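# missing the sequence, but the structure's below:
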C-alpha cells in the first residue's frame, strides 16, 4: 500500500521526512533550552588578593623599571611588531604587568597604547624621510601598525596631519 501511495504522489515522502525532522529539532531544542547549566551565568570568583590594592612601588623601583622600559624600547624597538602587547613586554622585561602599568601611568603619564603608538609615529616620521619612494601604507606597516585605518588615525591624532600631509610639509621645508 505504501509503495502505491508513494508512486502516485512523489512529493509526499519528502514532506513526511521534513516534518519528522522538524519535530525532532523542536523536541531537541525544547530540551536543550531546559538545560540549566547552559544558560547559567558563571560569575568569576574574585580572590581576595585581587581585591586588595597593589602596594605602590618605591621611587627607586619605579625609576629602575622606567629606565629598563625606555632602554628596551630604544634598543630593541619592539613597537615595530604589530602583535606587540603588554603581555609580551612583561615577559621580555620580566616585570609584572601591573608594575609596568603603574610606571607608565604615574611616571611616564601615558597608557600602554599611547606610549607604543608614540614610538611608532616617531619611527614613521623617520622612515618618511629615509624611504621617500615607499607608500604611506608600507611605511605604516613597517613601523608596527597592523591596519591602514589605525595608522592614519593614530598618526593624525599625534601630529594633526595625515601622513601624506606630513610628507608634503617636509618637501615644502626643504
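Happy to help now that I have it. Remember, it's a predicted structure, so these values are computed and weren't measured experimentally. Residues are numbered from 1 along each chain as shown.
# which ones are touching residue 135?
Applying C-beta atoms under 8 Å, 6 or more residues apart in numbering, we find residue 135 in contact with no residue. Any C-beta I mention is one placed from the backbone N, CA and C, and that applies to glycine too.
# same check, this time on the one 10 residues further on
Residue 145 makes contact with 82, 120, 151, 154 under the criterion C-beta under 8 Å, 6+ apart.
# Buried among those residues? Make that a ChimeraX selection.
To isolate in ChimeraX the members of those that are buried, counting by 16 or more other C-beta atoms under 10 Å, one can use:
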select :82,120,151,154
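# Take the contacts of residue 145 and lay them out in a markdown table including secondary structure, distance to residue 161 and pLDDT.
As requested, the contacts of residue 145 are exported to a markdown table (DSSP: H, G, I helix; E, B strand; the rest coil; distance: C-beta to C-beta, whole Å; pLDDT from 0 to 100):
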| residue | secondary structure | distance to residue 161 | pLDDT |
| --- | --- | --- | --- |
| 82 | coil | 23 | 95 |
| 120 | helix | 16 | 97 |
| 151 | helix | 13 | 96 |
| 154 | helix | 12 | 96 |
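# got JSON lines for the contacts of residue 145, with distance to residue 143 too?
What follows is the contacts of residue 145, written out as JSON lines (distance: C-beta to C-beta, whole Å):
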{"residue": "82", "distance to residue 143": "9"}
{"residue": "120", "distance to residue 143": "5"}
{"residue": "151", "distance to residue 143": "8"}
{"residue": "154", "distance to residue 143": "10"}
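# quick one, helices of this structure?
2-8, 12-33, 36-39, 48-51, 59-76, 86-93, 97-102, 112-130, 136-142, 148-159, 163-173 (DSSP state H).
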